[in-house]
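A.B. asks: with the input below, show me the fold.
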Amino acid sequence: MSVKIRLARYGAKKKPFYRIVVADNECPRDGRYLEAVGTYNPLIDPAKVSLKEERIRYWIDQGAILTDTTKSLLKKEGFFANLA
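C.D. replies: As a prediction, the model looks like this:
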């Protein structure tokens, strides 16, 4: 079982809202997930990202793989600077 940290889309048509979730690689995008570790709202200016940094660190330590989009969101929030 490979685990990924990725976005799950919520919200109405043309009004996206995303949860940052930890999910099995084989589950669908908006399907079952193991844990929600944050949110991302691109509609407000500037886009709002909230994270549960301790839980994200835990899942990365357990071998979870970040998708390209979540990696760029975490990088913009300065998550990787706090790892040291």
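A.B. asks: what segments of this structure are strands?
C.D. replies: Along the chain, the stretches classed as strands by DSSP state E are 3-12, 15-24, 35-41, 48-51, 65-66.
A.B. asks: what's the closest of those strands to Lys75?
C.D. replies: Proximity to Lys75, assessed across the strands of the chain by C-beta to C-beta, is greatest for strand 65-66 (9.7 Å). C-beta: built from backbone N, CA, C; applies to glycine.
A.B. asks: how far does the closest one sit from the chain's center?
C.D. replies: Averaged C-alpha coordinates place strand 65-66 at 9 Å from its chain's average position (C-alpha atoms, centre = their mean, to the nearest Å).
A.B. asks: now render the strands of the chain as JSON lines, adding mean pLDDT, distance to Trp59 and mean neighbour count.
C.D. replies: Listed next are the strands of the chain as JSON lines, based on pLDDT from 0 to 100; distance: least, C-beta to C-beta, whole Å; neighbours: other C-beta atoms under 10 Å:
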{"stretch": "strand 3-12", "mean pLDDT": "94", "distance to Trp59": "6", "mean neighbour count": "16"}
{"stretch": "strand 15-24", "mean pLDDT": "95", "distance to Trp59": "5", "mean neighbour count": "18"}
{"stretch": "strand 35-41", "mean pLDDT": "95", "distance to Trp59": "7", "mean neighbour count": "18"}
{"stretch": "strand 48-51", "mean pLDDT": "94", "distance to Trp59": "12", "mean neighbour count": "14"}
{"stretch": "strand 65-66", "mean pLDDT": "94", "distance to Trp59": "9", "mean neighbour count": "16"}
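A.B. asks: make JSON lines from the ones you listed and add distance to Tyr58 to it.
C.D. replies: Listed next are these as JSON lines, based on distance: least, C-beta to C-beta, whole Å:
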{"stretch": "strand 3-12", "distance to Tyr58": "11"}
{"stretch": "strand 15-24", "distance to Tyr58": "9"}
{"stretch": "strand 35-41", "distance to Tyr58": "9"}
{"stretch": "strand 48-51", "distance to Tyr58": "12"}
{"stretch": "strand 65-66", "distance to Tyr58": "14"}
